[in-house]
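Novice: Task: produce atomic coordinates for the following.
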Amino acid sequence: MLSKNSPASPPPHQRRKQRGRRRLAEAAVRLASQYGFANVTVEQIADAADYSASTFFRHFKTKEDAVFFDVADQYQSLRSVLEHEGDDRPAWDRVREVILDSVAYWADDNSGFAVTRTALFLKETLLYKRYLEISAEYESIMAGIFAEERGVDANEDFYSRVLAGAIVGAFRTSFHVWSRNGGSLPEHLSRGLNLIEAGLQPHRR
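Specialist: This next block holds a predicted model:
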């Protein structure tokens with residue numbers, strides 16, 4: 001879920017770093033899809049990407065992080081919403097734009113990498129656990145954004161926490177629907193956000 005608002009032309013050393021992280025991520029996803037994530041070692045991933053294990057650990061702390069190689073940039077894109085000088089739109093509109101950009105980036109990959117890694121983290125226990133940790137971080141950042149707009153403490157503001165949690169739930173549902181049924185990931189998420197914005201009405205007998 002990397003935002004399309006990332007810098008268009010990073011410096012050469014940054015581009016090399018990004019290419020290296022992507023190659024390691026592709027190797028991790030490819031091998032894990034073939035043999036199971038738990039059965040693949042860091043050394044095998046690094047070798048498949050033509051790197052050493054020490055290089056792998058310069059890029060990632062854990063094997064799981066390789067699959068979610070672009071998450072740090074996504075966090076930064078979301079945190080940038082807090083620095084909204086000159087943007088007077090409500091926090092909801094700014095958050096919505098960033099996260100829809102993020103899933104558009106995630107899904108915009110003709111190689112099939114996005115589909116494969118989504119299916120992988122949804123079925124592999126260790127990767128799904130890491131995904132939930134990432135989701136919790138997203139929820140915390142978004143709650144902070146909504147609380148900042150309201151002038152309250154995010155740790156104490158029930159509204160901000162519930163709204164952020166609902167968005168994370170829409171993310172999770174969108175990934176599941178996209179993985180099972182295809183279609184457009186951004187459209188699935190947009191539908192979920194529309195439901196939140198409209199206010200879900202529980203069905204009662």
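Novice: For the lowest-mean-pLDDT helix or strand in the chain, name the packing helices and strands.
Specialist: Least confident helix or strand, the chain: helix 71-79 with a mean of 87, by mean pLDDT, DSSP states H and E. In terms of contacts (3 or more Cβ pairs under 8 Å, 6 or more residues apart in numbering; DSSP states H and E), helix 71-79 is packed against helix 91-107, helix 125-150. Bear in mind the C-beta positions are built from the backbone N, C-alpha and C, glycine included.
Novice: need the strands for this protein, in chain order.
Specialist: Shown for the chain, no strands are assigned by DSSP state E.
Novice: hang on, the earlier thing: and the helices and strands packed on helix 71-79 as TSV, adding mean neighbour count, distance to Arg79 and mean pLDDT?
Specialist: As requested, the helices and strands packed on helix 71-79 are exported to TSV (neighbours: other Cβ atoms under 10 Å; distance: least, Cβ to Cβ, whole Å; pLDDT from 0 to 100):
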stretch	mean neighbour count	distance to Arg79	mean pLDDT
helix 91-107	20	10	92
helix 125-150	17	6	95
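Novice: Which among those helices is found nearest to Ala198?
Specialist: Nearest of those to Ala198, taken as Cβ to Cβ: helix 91-107 at 12.4 Å.
Novice: circling back to that earlier point, any chance of the helices and strands packed on helix 71-79 in JSON lines, with distance to Phe37 too?
Specialist: As requested, these are arranged in JSON lines below (distance: least, Cβ to Cβ, whole Å):
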{"stretch": "helix 91-107", "distance to Phe37": "19"}
{"stretch": "helix 125-150", "distance to Phe37": "6"}
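Novice: Phe158 is nearest to which of those helices?
Specialist: Taking these one by one with Cβ to Cβ, helix 125-150 is closest: 10.1 Å.
Novice: what sits against the nearest residue to Ile141 once chain neighbours are set aside?
Specialist: In space, and not counting its chain neighbours, Ile141 is closest to Leu78: 5.1 Å by Cβ to Cβ, 6 or more residues apart in numbering. Contacts for Leu78 (Cβ atoms under 8 Å, 6 or more residues apart in numbering) come out as 3, 95, 98-99, 102, 138, 141-142, 145.
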